[in-house]
Each structure stands twice: as C-alpha cells, then as structure tokens.
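Novice: The following block contains a protein sequence and its predicted model.
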Amino acid sequence: MLEINGKEGGGQLLRTALALSLCTGEAFRMEHIRAKRPRPGLMRQHLTAVQAARDVGNATVAGAEPGSLTLEFTPGAVRGGDYHWPIGTAGSTTLVVQTVLPALWMARVDARLLLEGGTHNPLAPSADFMVDSFLPLMRRMGLQAHLRLERHGFYPAGGGAVLMDISASKAPVPLHVPERGEAIGMSVTALMSSVPGRVGERELDAVRRRLPIADEHRHIRQAIGSPGPGNALMVRVQCSEVTELFTAFGERGVTAERVGERVSEEARAYLASGAAVGPYLADQLLLPLALAGGGNFTTQAPTEHSRTNAALIEKFLPVQIDFDELGEDLWAVTVSA
C-alpha cells in the first residue's frame, strides 16, 4: 500500500490519489489529510469524492468520516453505468467529476454522472471552465464526453447540478500545446442570480476599461434555477489552440468594480506571458498527460499546488514531470515516460 503524507496539500492531493489509485489499481494510505487547513481532515465535499471513487472502482475504504485525517483506499475493478452523487452543500461538482473521469476513461466504459452541489465557487473550476477550457483539450486526447449544466449553484447555497455523459473512449494520446495559437476573440459575461442587473453592468464596464472587448461581446446572463444568490464574472480568451476562461466572484463587501479589476488582471497577466495555458488549467492537465505517457505545454509560473500534484503523480506512474523557466512568467512543462 502506497504511503502518502497529505500534510502539505489540500483536497486536490486526495482527489489525485483517488484518481490514480483507480487507474493503476494501486492501494494507498494517506495521513495528515489537509492538516494545515483551518478545518483539517475530510469535509463533506471530500467525502463525496471518496464515495464516488469507491462506487466507480468497487473499492474498499477505511477512514471515510467527517474530520478524518487518515484514509485507506483499495480499488477494485472500474465499472461504468449511471451514478448520482448529491454533495449536499456548495462543494464543487466539477472536482468530483475530475476525480472519477480519468478512471472511466482508462477503463473505456460508458457512464452517466449526475452531481448536485456547487457549480460556480471560487475554489474550484466552474462548469463553464470545464466546458470551454478543459474538455476541448481532453477531446483532442481521445476522450468522448460532454458536460451539461442543469442548474447553477453558488456558494454558500449550492443546489446546482451537472450531468456528464461519457462514452467508451480510446486510451489517451499525448497532448502538445506549446503555443496558444492565433487569437480568435475575447468576450466577458456577468452571470447573475438574484443580484441587481446594475451590478453586472458595472462589472462589465470595469472590464471594458482594461481589456479590448467589443460591446457585442459583453453579456449579462441569468443563472438557471439557482436556489441562492450569486455572481460570477467570466472573461473568455479564445485562440486557435486553446480557450482560457478567467473568473472572479462577487461577494459581500467587494465592489463590482473590484470584481472587474480582478478578472481583468488575471486575463492581462495571461496575455502578457505568452503562455498557452493559465496556471489552473496547467494543474489540471498534469494527470491526463501522465496517463497518456507524455506531452507538453507552456504556462505561467507554476504554483506550489502544481508541483505538489506533480510529485504525487510521479509516485503512482512511471513518468517524469519537468518545469523549466523560459522567461518572465513563462514556463515549459514536460511530461515524459
């Protein structure tokens, strides 16, 4: 059983371990889970990821309790089918999807996943990010899957839902994205749920002052079926090789202008770097490329989160992940067998 120290990482370290355990058949024991977090141990959203991995992989689990600092996970055979996982909070539906998606892909099975919880919150990829940025690159690697947003769910109410259909797919092939390619266009969308429309208009104005986005590409969109209030401001940068989506969230005590500034700063830093993918997408590409046995991309300065995730991947798979600085805020990431 592989021994993993979860002290230096958060929930992503656990989700990566679950995904790789399902893919490789390697059992693991993780101790000190989220030990440095304000509320250490397993929370409900992490327990849903464990439950999902257990269900998909017919696994044996010990320690799957609220607040637990230790988890043992022994996988069985991965199986497709229909699954329904209600998180019950604003915990991220997309992070649970990303926990089981690699195993279903590698097992080449059909599956339908219905998840209820958060679809747009600050600590996870949004459903829009999955659709616009992540899944198109996965399809280039051979995955046949589609995600549909059924209901929006914002923090703290949650209540959203996503439905993912996965078709039996070929094994992943390496992905190479050294450049973002030709610029196609930029747009900005203010996503609103029970928030006055003038807030969205002020957010869009703040972005317009900082990014060259034409009026016809500035939108206000009402959330679908959200049980609680929420606001997300999204800048979409579309290029021929990759589409990036940057998101800032409205919150109490933060002006609409500041929300617009935040998302504009992220987009401007990405554009100035010349990198193919931003730091969040970079982190999510590591595991699929490792399963494919190779690939490369350029990104902005890697986060400690990415480096920790890479080190864990190397424990499970016979790959090497290298981070090489090319210039100011421009790095090459190479995954090799």
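Specialist: It's in. Only a predicted model underlies this, so the values are computations on that prediction, with no experimental measurement involved.
Novice: quick one, strands of the stretch 151-300 of the chain?
Specialist: 160-167, 175-177, 183-193, 218-222, 230-239, 243-249, 294-299 (DSSP state E, counting those that start in this stretch).
Novice: Now residue 8. Nearest residue, chain neighbours left out?
Specialist: Of all residues not flanking residue 8 in the chain, residue 308 sits nearest, at 5.9 Å (C-beta to C-beta, 6 or more residues apart in numbering). Just so you know, the C-beta spots here come from the backbone N, C-alpha and C atoms, and that holds for glycine as well.
Novice: just checking, the one you found touches residue 14?
Specialist: No. Using C-beta atoms under 8 Å as the test, residue 308 is too far from residue 14 to be in contact (11.8 Å).
Novice: These two: who's more crowded?
Specialist: Comparing residue 308 with residue 14 by other C-beta atoms under 10 Å, the one with more neighbours is residue 14, at 25 against 18.
Novice: about what we covered before: wait, which of the strands of the stretch 151-300 of the chain is closest to residue 112?
Specialist: strand 160-167 (5.4 Å; C-beta to C-beta).
Novice: what angle separates the closest one from strand 183-193?
Specialist: 140 degrees (axes from the mean of the first three to the mean of the last three C-alpha atoms, to 10 degrees).
Novice: So which elements touch strand 160-167?
Specialist: When contacts are defined as 3 or more C-beta pairs under 8 Å, 6 or more residues apart in numbering; DSSP states H and E, strand 160-167 sits against helix 93-107, strand 111-117, strand 144-151.
Novice: quick check: mean pLDDT across the last one?
Specialist: This predicted structure assigns strand 144-151 an average pLDDT of 98.
Novice: hang on, the earlier thing: most neighbours per residue, which of the helices and strands packed on strand 160-167?
Specialist: Mean neighbour count (mean count of other C-beta atoms under 10 Å) peaks for helix 93-107 among the helices and strands packed on strand 160-167, with a mean of 25.
Novice: tell me the SS of the residue nearest the centre of the chain?
Specialist: Of all residues in the chain, the one closest to the mean position by C-alpha atoms, centre = their mean is residue 125, 3.9 Å from it. Classification of residue 125 using DSSP: H, G, I helix; E, B strand; the rest coil returns coil.
Novice: how about it, what does it touch?
Specialist: Counting by C-beta atoms under 8 Å, 6 or more residues apart in numbering, residue 125 touches 92, 94-95, 98, 133-134, 280, 284.
Novice: Could you dump these into a markdown table and include pLDDT?
Specialist: Formatted as a markdown table, the contacts of residue 125 follow (pLDDT from 0 to 100):
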| residue | pLDDT |
| --- | --- |
| 92 | 94 |
| 94 | 96 |
| 95 | 95 |
| 98 | 96 |
| 133 | 98 |
| 134 | 98 |
| 280 | 94 |
| 284 | 95 |
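Novice: circling back: okay, the strands of the stretch 151-300 of the chain in CSV with mean pLDDT next?
Specialist: What follows is the strands of the stretch 151-300 of the chain, written out as CSV (pLDDT from 0 to 100):
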stretch, mean pLDDT
strand 160-167, 98
strand 175-177, 98
strand 183-193, 97
strand 218-222, 97
strand 230-239, 98
strand 243-249, 98
strand 294-299, 98
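Novice: could those go into a markdown table alongside distance to residue 36 and mean neighbour count?
Specialist: As requested, these are exported to a markdown table (distance: least, C-beta to C-beta, whole Å; neighbours: other C-beta atoms under 10 Å):
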| stretch | distance to residue 36 | mean neighbour count |
| --- | --- | --- |
| strand 160-167 | 29 | 21 |
| strand 175-177 | 32 | 19 |
| strand 183-193 | 32 | 19 |
| strand 218-222 | 37 | 15 |
| strand 230-239 | 28 | 23 |
| strand 243-249 | 24 | 23 |
| strand 294-299 | 25 | 22 |
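Novice: Out of the helices and strands packed on strand 160-167, which gets nearest to residue 337?
Specialist: helix 93-107 (15.7 Å).
Novice: how far is the closest one from where the chain is centred?
Specialist: Centroid separation for helix 93-107 versus its chain: 11 Å, with C-alpha atoms, centre = their mean, to the nearest Å.
Novice: before we move on, what about stretch 309-319?
Specialist: 18 Å.
Novice: Same question for stretch 17-25.
Specialist: With C-alpha atoms, centre = their mean, you get 17 Å for stretch 17-25.
Novice: Likewise for stretch 279-295?
Specialist: Counting by C-alpha atoms, centre = their mean, stretch 279-295 comes out at 12 Å from the chain centroid.
Novice: Could you check that stretch and say which residues are buried?
Specialist: For stretch 279-295, the neighbour count (16 or more other C-beta atoms under 10 Å) marks 279-293, 295 as buried.
Novice: longest helix of this protein?
Specialist: helix 256-273 (DSSP state H).
Novice: Quick check: residue 315 touching residue 4?
Specialist: Yes. Counting by C-beta under 8 Å, residue 4 is a contact partner of residue 315 at 7.2 Å.
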